[in-house]
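*Asks:* prediction below, plus the sequence it came from.
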Amino acid sequence: MKKRILALVAAAILGFAFAQPSGTLTIAQAQDPQSWDPIDTFYLAWGMIGSSIFDGLVHRDLNMKIGPGLATSWEWTDASNSRLRFHLRQGVTFQDGEPFNADAVKFTFDRLLGPEGAKGPQQANYTSIDHVEVVDPYTVDFVMKSPDPVLITKLAGYGAMIVPPKYVTDNPPETFNKMPIGTGPFKVTEYVPDDHLTLVANPDYWGGAPKVAKVIFRFIPEPSTRVAELQAGRADIVQGVPISLADSVSKTAGVKLEAVGSPTVNALRFNTCLAPTDNLKVREAIAHAVDAQGIIDSILQGYGIPIASFQSSMSLGYDPNLKPYSYDLELAKKLLQEAGVAAGAPISIDVIGTDATNLEVAQAVASELEAVGLKPTLGTHETNTYYNDLVPKNTVGNLYYSGWGGWTLDFDNTAYLLYHTGQFWNPCYSNAKLDALLEEERATYDQAKRETILQQIAGIEHDDLIDLPLYQSKNLWGVADRVQGFVAPADDRNDLTNVSVTN
């Protein structure tokens, strides 16, 4: 009997040893978000890494389902839905040992909703919250200023990630920007801007220690270089495999290509404050001049889905009956003539220069606009300058590229920020009817009613041609065979807790 007990103890010890995190996983992605503070960013590139460092009150899994995170449950406490109560997970600590509790939640949202949050792009997503009240050490109430039917989903990502009060207040802002602390499964140990960020497994993670000991994220803007690193065995996972290299990746020994549906739609937005695209007939002419299906078939090699509004088919508010503009060069020429646009009229297109696929798409669009008598010019820009300066200040040309993820899978996340008068991402366009509909859909928790309103909004967006949706993306990932348990995320937010590597 004694021998049997000793054997069981030995087996348990061995099992524990085998369960310890081991190995190093190297991931190459295109962009370094530059700041790791959750309130400073909207980049999907942040979410790819930030979801391993931080947790929100709720969690969205790889099946896009919402469930408990740092909160174990939540409920409205009154009939008017003005107070949302969260019951918090106990026994959780931040990666520096600071305790997670109700005070940390209040601090996070006071900061997000205050002057510090006003400096970044995330505050606009949470203005429905008036303030957060501590009920007891593990219970908080969100006191609402206005209804927000998308709030629970928002709390699963980006600006709502919970931060440690003492670490944030005891250090200058640049410390948290460069060496963030969260409650997530991995902890930052090194950050070299524009080069790499290193994470190590958090053995005390409340959800269980990750399987891999170390994760190195390398920032490699050039897609072909990322792929070369994968093929040479210096990267295990590559985000954003360019379509031009998809076949090469799929034929590389020890590597597989994974294509996953995405909530991202790629579009050319119209500058409606700049002639001649301030004229609806000109916008219609351009829409009919662009062969979106041809772009999908040739440039994208089929890795794209035709789309008629600036939201994916995964989104609440998507209307399958809405159809893309037909490719009709003669109609395009006729509309330009009716609009009084002379042959050779200049038209400017701005894009991000480091994305080879989008650059090729823009070049194809320019060629098609030239075919109907316009004289297009193409401007290429660096990613951070483009999104932080040119777009919000409306110093872009007549058409400018935009890829919008709609990561909440709800058209509100796209439509309100891009179409409501005065929003950060809408420095120009204004439509009183659209504003009223956007405010109406935000005022109800009736999802069926919201879907109807959001489809009306999509119809206005389509008819008024605020933007020209080209295709819904399919994300391409290159994954080495030594990687086990990795699931390519539809929303670009990696979950690495169950990922392991073999030698």
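*Replies:* Everything's here; your move.
*Asks:* to which secondary structure element is T198 assigned?
*Replies:* Counting by DSSP states H and E, the element that carries T198 is strand 196-201.
*Asks:* next, the angle from whichever helix or strand comes after that strand to strand 196-201.
*Replies:* Under the assignment DSSP H and E, the closest C-terminal helix or strand after strand 196-201 is strand 214-219. Angle of strand 214-219 versus strand 196-201, following axes from the mean of the first three to the mean of the last three Cα atoms, to 10 degrees, is 160 degrees.
*Asks:* would you map the helices across the stretch 151-300 of the chain?
*Replies:* In the stretch 151-300 of the chain, the helices defined using DSSP state H, counting those that start in this stretch lie at 151-154, 165-170, 173-178, 223-231, 246-250, 280-289, 292-298.
*Asks:* let me fix that, I meant to ask about the stretch 401-503 of the chain.
*Replies:* Per DSSP H, counting those that start in this stretch, the stretch 401-503 of the chain carries helices over the ranges 411-419, 432-442, 447-464.
*Asks:* by contact count, what packs against the first one?
*Replies:* Judged by 3 or more Cβ pairs under 8 Å, 6 or more residues apart in numbering; DSSP states H and E, helix 411-419 is in contact with helix 432-442, helix 447-464. Bear in mind the C-beta positions are built from the backbone N, C-alpha and C, glycine included.
*Asks:* run through who's touching that helix.
*Replies:* Here helix 411-419 makes contact (Cβ atoms under 8 Å, 6 or more residues apart in numbering) with 124-125, 149-150, 154, 269, 309-311, 315-318, 404, 406-407, 423-426, 429, 431, 434, 438, 441-442, 450, 454, 457-458, 461, 466-467.
*Asks:* could you flag which of those residues are buried?
*Replies:* Among the contacts of helix 411-419, the ones that count as buried by 16 or more other Cβ atoms under 10 Å are 124-125, 149-150, 154, 269, 309-311, 315-318, 404, 406-407, 423, 425-426, 429, 431, 434, 438, 441-442, 450, 454, 457-458, 461, 466-467.
*Asks:* list the buried residues in stretch 358-368.
*Replies:* Result for stretch 358-368 [16+ other Cβ under 10 Å]: buried residues 358-362, 364-366, 368.
*Asks:* make JSON lines from these and add secondary structure to it.
*Replies:* JSON lines is the format used below for the buried residues of stretch 358-368 (DSSP: H, G, I helix; E, B strand; the rest coil):
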{"residue": "N358", "secondary structure": "helix"}
{"residue": "L359", "secondary structure": "helix"}
{"residue": "E360", "secondary structure": "helix"}
{"residue": "V361", "secondary structure": "helix"}
{"residue": "A362", "secondary structure": "helix"}
{"residue": "A364", "secondary structure": "helix"}
{"residue": "V365", "secondary structure": "helix"}
{"residue": "A366", "secondary structure": "helix"}
{"residue": "E368", "secondary structure": "helix"}
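*Asks:* flag the least confident of these.
*Replies:* Ranked by pLDDT, the buried residues of stretch 358-368 bottom out at N358, which scores 87.
*Asks:* distance of that residue from G478?
*Replies:* Distance, N358 to G478, by Cβ to Cβ, to the nearest Å: 19 Å.
*Asks:* for D148, same thing?
*Replies:* Distance of D148 to G478, computed by Cβ to Cβ: 38 Å.
*Asks:* who's more crowded, these two?
*Replies:* G478 (27 against 22; other Cβ atoms under 10 Å).
*Asks:* got JSON lines for the helices of the stretch 401-503 of the chain, with distance to V238 and mean pLDDT too?
*Replies:* Listed next are these as JSON lines, based on distance: least, Cβ to Cβ, whole Å; pLDDT from 0 to 100:
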{"stretch": "helix 411-419", "distance to V238": "27", "mean pLDDT": "92"}
{"stretch": "helix 432-442", "distance to V238": "38", "mean pLDDT": "96"}
{"stretch": "helix 447-464", "distance to V238": "34", "mean pLDDT": "97"}
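*Asks:* out of those, nearest to Q239?
*Replies:* Closest to Q239 of the helices of the stretch 401-503 of the chain is helix 411-419 (Cβ to Cβ; 21.5 Å).
*Asks:* quick one, that closest one and helix 447-464 angle?
*Replies:* Between helix 411-419 and helix 447-464, the angle comes out at 40 degrees (the same axes, to 10 degrees).
*Asks:* on that earlier part again, contacts made by the strand holding T198 with the rest, please.
*Replies:* By Cβ under 8 Å, 6+ apart, strand 196-201 touches 21, 32, 49, 52-53, 185-191, 209-210, 212-219.
*Asks:* so, low pLDDT: which residues of the stretch 1-150 of the chain?
*Replies:* For the stretch 1-150 of the chain, residues meeting the criterion pLDDT under 70 lie at 1-19.
*Asks:* can you give me the strands in it?
*Replies:* With strands called from DSSP state E, counting those that start in this stretch, the stretch 1-150 of the chain shows them at 24-29, 58-60, 66-68, 71-76, 83-88, 129-136, 139-144.
*Asks:* count the neighbours of the residue lying closest to Y126 once chain neighbours are set aside for me.
*Replies:* Nearest non-adjacent residue to Y126, counting by Cβ to Cβ, 6 or more residues apart in numbering: L112, 6.0 Å away. Other residues within reach of L112 by the criterion other Cβ under 10 Å amount to 23.
*Asks:* on that earlier part again, and the helices and strands packed on helix 411-419: which comes nearest R234?
*Replies:* Using Cβ to Cβ as the measure, helix 447-464 is the one of the helices and strands packed on helix 411-419 that comes nearest R234, at 43.4 Å.
*Asks:* output that closest one as CSV, nothing but the C-alphas.
*Replies:* Taking Å, rounded to 0.1, in the frame of the first residue of the first chain, the C-alpha atoms of helix 447-464 are listed here in CSV:
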residue,chain,number,x,y,z
GLN,A,447,-31.5,43.5,-30.8
ALA,A,448,-34.1,42.9,-33.5
LYS,A,449,-35.0,46.6,-33.5
ARG,A,450,-31.4,47.5,-33.6
GLU,A,451,-30.7,45.2,-36.5
THR,A,452,-33.5,46.8,-38.5
ILE,A,453,-32.1,50.3,-37.8
LEU,A,454,-28.5,49.2,-38.6
GLN,A,455,-29.7,47.8,-41.9
GLN,A,456,-31.3,51.2,-42.7
ILE,A,457,-28.0,52.9,-41.8
ALA,A,458,-26.2,50.5,-44.2
GLY,A,459,-28.6,51.4,-46.9
ILE,A,460,-27.9,55.1,-46.5
GLU,A,461,-24.2,54.5,-46.4
HIS,A,462,-24.6,52.5,-49.7
ASP,A,463,-26.8,55.0,-51.5
ASP,A,464,-24.9,58.1,-50.4
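*Asks:* could you list the buried residues of it?
*Replies:* In helix 447-464, counting by 16+ other Cβ under 10 Å, buried: 450-451, 453-462, 464.
*Asks:* just stretch 209-226 next, same as before
*Replies:* Buried-residue list, stretch 209-226, by 16+ other Cβ under 10 Å: 209-221, 223, 226.
*Asks:* about what we covered before: now distance to D78 too, for the helices and strands packed on helix 411-419, in JSON lines please.
*Replies:* Output for the helices and strands packed on helix 411-419, formatted as JSON lines (distance: least, Cβ to Cβ, whole Å):
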{"stretch": "helix 432-442", "distance to D78": "19"}
{"stretch": "helix 447-464", "distance to D78": "20"}
